[in-house]
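Colleague: starting from these lines, generate the structure:
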Amino acid sequence: MSTTEFKLEILADALEKCQLEDNTLSMDAYLESYKEITKFLYLLGKAFGFVASEVNSKVSILHKYRNSSDGENYVTVNRMMQYEIENEITTNNSLSGSRTLLRLHRAFEFVMEFIKQMRHAAEDVKLSVLTQKAYDDTLAKFHPWLVKQGVYIAMYTLPKKAQLVAKLKTEEDDNKQIDRVIEHSKVVYDTLQQLFVENELDDLP
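Modeller: Alright, predicted model coming up:
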């Protein structure tokens with residue numbers, strides 16, 4: 001199997017593993033889920049190629065932190081935030097793990113909102129309609145006007161839902177796997193959002 005294939009069940013499995021028994025979030029599982037999210041973004045074509053590229057750069061930064069001599073402080077998202085706050089990394093380093101994760105968190109919201117809308121859309125609906133709504137509700141509020149206009153133009157190149165579904169590699173019913181992704185992604189998103197707010201890191205520049 002090609003390593004570039006996107007698989008819904010792999011994404012669902014990774015998201016399910018994110019929340020540990022002590023209710024902390026596993027950094028490794030979160031980054032694993034982003035391997036599949038990036039593949040999904042590339043499936044959307046050039047319309048979201050820039051998002052995929054940005055995501056890749058952010059994931060690389062977090063992998064470097066995780067594999068560094070301070071890697072034990074990045075085992076969970078909770079531990080990372082505590083460590084970076086205590087050591088003033090979030091205020092002195094524009095590439096802090098917390099700031100980087102916040103950018104991924106915003107992209108995560110867009111992808112999950114799009115998947116949710118796709119789940120209930122008709123097969124012949126144009127993806128441009130779904131992506132625009134998902135984008136307007138999530139990522140658009142963080143992008144300058146010029147970037148937004150470029151995204152809107154690129155959206156018109158997107159195919160219909162049925163064409164994207166045909167590219168999804170799954171051994172089971174697509175909707176069953178999408179439901180798993182939606183279920184587990186909500187837990188991950190809500191938990192992470194709460195952590196950002198509680199630690200006053202939700203508006204890092």
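
Colleague: counting contacts, what elements does the lowest-mean-pLDDT helix or strand in the chain pack onto?
Modeller: Within the chain, no helix or strand scores below helix 161-165, which has a mean of 81 by mean pLDDT, DSSP states H and E. Where contact means 3 or more Cβ pairs under 8 Å, 6 or more residues apart in numbering; DSSP states H and E, helix 161-165 is packed against helix 127-137. For the C-beta atoms, the positions are set from N, CA and C on the backbone; glycine is no exception.

Colleague: by contact count, what packs against the helix it packs on?
Modeller: Against helix 127-137 (3+ Cβ pairs under 8 Å, 6+ apart) you get helix 97-120, helix 145-155, helix 161-165.

Colleague: where do the helices sit along the protein?
Modeller: 8-18, 27-43, 49-66, 77-86, 89-92, 97-120, 127-137, 145-155, 161-165, 174-198 (DSSP state H).

Colleague: check which residues of the fourth one are buried.
Modeller: In other words, helix 77-86. Val77, Asn78, Met80, Met81, Tyr83, Glu84, Ile85 (16 or more other Cβ atoms under 10 Å).

Colleague: so how far is Ala134 from Thr24?
Modeller: 28 Å (Cβ to Cβ, to the nearest Å).

Colleague: comparing the two, which shows the higher neighbour count?
Modeller: The neighbour count for Thr24 versus Ala134, taken as other Cβ atoms under 10 Å, is higher for Ala134 (22 against 16).

Colleague: the more buried one is in contact with Glu113, isn't it?
Modeller: Yes: at 4.2 Å, Ala134 counts as touching Glu113 under the criterion of Cβ atoms under 8 Å.

Colleague: most packed of the helices and strands packed on helix 127-137?
Modeller: Each of those was scored by mean neighbour count; the highest is helix 97-120, a mean of 20, by mean count of other Cβ atoms under 10 Å.

Colleague: not counting the least confident helix or strand of the chain itself, show me its contacts.
Modeller: Leu43, Leu44, Met118, Ala121, Ala122, Glu123, Asp124, Val125, Lys126, Leu127, Leu130, Asp174 (Cβ atoms under 8 Å, 6 or more residues apart in numbering).
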